[in-house]
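Engineer: compute the structure for the input listed below.
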Amino acid sequence: MNILAHLHLATLANSSLIGNTVADFVKGDPYITYPQTIADGIMLHRKIDSLIDSLPEVKQAKQLFRKTYQRVAPIALDIVWDHFLSKYWSEYGIKSYAAVAEFNQLTKEQIAPFIANYPTDYQYFMQSMWQGKWLENYAYIEFIEKVLKGMAARRPKLILLKETIVDIKQHYSALESLFFKLYPQMIKFVISNHF
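Structural biologist: Numbering: from 1, shown residues only. Below is the predicted model:
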């Protein structure tokens, strides 16, 4: 799952938005460094990532990528799931935030006042997300292509990511169907496990 899904699932679980978004910037035991609510959010993020990676739908989705690109497919899929969540926000979103733009504003209001207390690369990431309106733009496949190319350009180890858009476009309907099967499982997981 990528940033939009983590924010959405954290909201449904009534979990810390900061904890759920700073998780990728934190190594080791978060309870040593952060207050319990933040650390709990980090742990929820990790549980979500672990669960999604174990789902048969994700394994199926990975097989839709050409063999050469399967190594980076999980990263591409994280972006793809955010694409479908943004595109179908009216079906999965939170009723009090009818549009992704409203939800984005909510996240900014809850995170921005405290962001200086967290790693600099996290601050930069979140500011870029808000300024670039990533959450809303994820709904457009052209933006997904731009994101994947940007990630590939910034990290040489992920150079293959820029070509995964070919597989995504080729198997778009199949990926969409898999999203409709897997995302409700994620929602059920966070709602039924009172974090």
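Engineer: which stretches of this protein form strands?
Structural biologist: Counting by DSSP state E, the chain forms no strands at all.
Engineer: where in it is pLDDT low?
Structural biologist: Counting by pLDDT under 70, the low-confidence segments of the chain come to 93, 95-96, 194-195.
Engineer: which residues are contacting the helix ranked longest in it?
Structural biologist: Scanning the chain for the helix with the most residues, using DSSP state H, yields helix 172-192. Applying C-beta atoms under 8 Å, 6 or more residues apart in numbering, the external contacts of helix 172-192 come out as 1, 5, 9-10, 12-13, 15, 44, 48, 51-52, 55, 57-58, 60-61, 64, 77, 80-81, 84-85, 92, 141, 168. The way it works is simple: take the backbone N, C-alpha and C, and place the C-beta from them, glycine included.
Engineer: ok, residue 169 to residue 161 distance?
Structural biologist: 14 Å (C-beta to C-beta, to the nearest Å).
Engineer: compare the two (neighbour count), which wins?
Structural biologist: residue 161 (24 against 12; other C-beta atoms under 10 Å).
Engineer: burial check on the residue nearest to the more buried one when sequence neighbours are not counted, number of neighbours?
Structural biologist: Distances taken as C-beta to C-beta, 6 or more residues apart in numbering put residue 152 closest to residue 161, at 4.1 Å, once the chain neighbours are dropped. For residue 152, the neighbour count with other C-beta under 10 Å is 19.
Engineer: ok, residue 152 - contacts?
Structural biologist: With C-beta under 8 Å, 6+ apart, residue 152 has these contacts: 158-162.
Engineer: now with 7 Å?
Structural biologist: Taking C-beta atoms under 7 Å, 6 or more residues apart in numbering, we find residue 152 in contact with 158-159, 161-162.
Engineer: and if you look at residue 130?
Structural biologist: 104, 108.
Engineer: 8 Å - rerun?
Structural biologist: Per C-beta under 8 Å, 6+ apart, neighbours of residue 130: 104, 108, 112.
Engineer: any of those residues buried? List them.
Structural biologist: Buried members of those, counted by 16 or more other C-beta atoms under 10 Å: 104, 108.
Engineer: please tell me how far residue 100 sits from residue 151.
Structural biologist: In terms of C-beta to C-beta, residue 100 sits 21 Å off from residue 151.
Engineer: the two: which has the busier surroundings?
Structural biologist: Taking neighbours as other C-beta under 10 Å, residue 100 and residue 151 compare with residue 100 leading, 23 against 18.
Engineer: residues near the closest residue to residue 116 other than its chain neighbours, how many?
Structural biologist: Leaving aside its sequence neighbours, residue 116 sits nearest to residue 123 (C-beta to C-beta, 6+ apart; 7.0 Å). Applying other C-beta under 10 Å, we find 17 residues neighbouring residue 123.
Engineer: for the remainder of this discussion, apply numbering that starts at 54.
Structural biologist: Sure, I'll start numbering at 54, so the last one becomes residue 176.
Engineer: tell me the spacing between residue 176 and residue 233.
Structural biologist: 34 Å.
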